[in-house]
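1. can't give you the sequence, but here's the structure:
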């Protein structure tokens, strides 16, 4: 999900492109072909998502992250410990994405249902394998502890 600064930048760029095309300074065919090339690129299967202060390497309380994911609907894109790809990573560590290594990547869809002392699972790369670990939501997560979202 893009932040508001990226969306504003995108709208400014779109306005500028429209002006250049309408002024005859750029070919609409060239612009359309370039945009189509971008759209035709395969989308990533997964996204590492950071919330709030995490984006700058800071810390966020687990409860705040979970609340944000639910409020925005991003919880529906979060991975679960029961997803086929997660089970595959645990069984076949060679398939684990390189960009996940060196981080604890959280599977927020599997946060347990307790009201008090809630925990959320994460995957950690350790000693050439993938380990499923659980952390309390009352702890702070820093910028290296992203949520794993399915690609949009």
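-> Good, I have the coordinates. Note that the structure is a prediction, hence the values are computed from the model and not measured.

2. from here on, contacts and neighbour counts on C-alpha atoms
-> Noted.

3. run a quick neighbour tally on residue 78.
-> A count of neighbours around residue 78, defined by other CA atoms under 10 Å, yields 22.

4. nearest spatial neighbour of it, skipping sequence neighbours?
-> residue 149 (4.3 Å; CA to CA, 6 or more residues apart in numbering).

5. and the one you found, how far from residue 64?
-> Distance from residue 149 to residue 64, counting by CA to CA, to the nearest Å: 17 Å.

6. if you count what's nearby, which of the two comes out ahead?
-> Higher neighbour count among residue 149 and residue 64: residue 149, with 23 against 15, using other CA under 10 Å.

7. please tell me how far the more buried one sits from residue 108.
-> Using CA to CA, residue 149 is found at 9 Å from residue 108.

8. give me the common contacts of the two.
-> Here residue 149 and residue 108 have 78, 79 as joint contacts, going by CA atoms under 8 Å, 6 or more residues apart in numbering.

9. any regions of this protein where pLDDT drops low?
-> 1-4, 42-44, 152 (pLDDT under 70).

10. which stretches in it count as strands?
-> 46-49, 59-61, 104-106, 119-126, 129-136, 140-142, 147-150 (DSSP state E).

11. buried residues in the last one?
-> When neighbours are counted by 16 or more other CA atoms under 10 Å, the buried residues of strand 147-150 are found to be 147, 148, 149.

12. got it, and stretch 108-128?
-> Buried-residue list, stretch 108-128, by 16+ other CA under 10 Å: 108, 109, 110, 111, 118, 119, 120, 121, 122, 123, 124, 125.

13. which residues are contacting stretch 140-152?
-> 43-50, 53-62, 74, 77-79, 103-108.

14. nearest to residue 93, out of the buried residues of strand 147-150: which one, please.
-> residue 148 (16.7 Å; CA to CA).

15. ok, and the closest non-adjacent residue to the closest one?
-> Spatially, and ignoring its direct neighbours in sequence, residue 148 is nearest to residue 48 (4.9 Å; CA to CA, 6+ apart).

16. what is the neighbour count of the one you found?
-> Neighbourhood size, residue 48 [other CA under 10 Å]: 17.

17. can you check the one 4 residues further on too?
-> Using other CA under 10 Å, residue 52 is surrounded by 14 other residues.

18. great, nothing more from me.
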